[in-house]
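following is a predicted model, sequence given first.
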Amino acid sequence: MKHDILLIVVMTLVTAATRFLPFLIFGGKRQTPAIITYLGKVLPCAIMGMLVVYCMKDVAFLQAPFGAPELIGCAIVALLHIWKRNSLLSIGVGTVCYMLLVQLVF
């Protein structure tokens, strides 16, 4: 029982610390620091690039189905994102299409 309460207290403190840390680091400044603005612009693209590389690293392009489900899924994500500009929609639809291709077609 004491162990459970201690775990809850520690998790609460860590969660609160991550919420308050930016205010402690940057003080009461009203303007967002330039480095944070820069990271906010660059990191989403970098993270998406890393995810694509990670997902495609084990694809066997020289064996059937020659990476077809993965390439179709990537194409769907890219085209849908260009069309709708909605990351959640494009990733969600691309994932569902990929899973349907893998389970039902290939």
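Nice, I can see it. Bear in mind that the values here come from a model prediction, so they are computed numbers and not experimental data.

max-length helix in this structure?
Looking across the chain with DSSP state H, the single longest helix is helix 2-26.

right, and the helix or strand after that helix?
helix 34-56 (DSSP states H and E).

hmm, who's touching the longest helix of the chain?
For helix 2-26, contacts defined as CB atoms under 8 Å, 6 or more residues apart in numbering pick out Pro33. C-beta here means a position set from N, CA and C on the backbone, and glycine is covered the same way.

how much does it deviate in direction from helix 34-56?
130 degrees (axes from the mean of the first three to the mean of the last three CA atoms, to 10 degrees).

what is the rounded mean pLDDT of helix 2-26?
For helix 2-26, the mean pLDDT works out to 92.

distance between that helix and the chain's centre?
24 Å (CA atoms, centre = their mean, to the nearest Å).

going forward can the numbers begin at 41, since that is how I track them
With 41 as the first residue, the last one maps to helix 42-66.

buried set for that helix?
Within helix 42-66, no residue counts as buried by 16 or more other CB atoms under 10 Å.

neighbours around Leu102, how many?
7 (other CB atoms under 10 Å).

quick one: it from Phe63, how far?
53 Å (CB to CB, to the nearest Å).

just Lys81 next, same as before
With CB to CB as the criterion, Lys81 and Phe63 are 22 Å apart.
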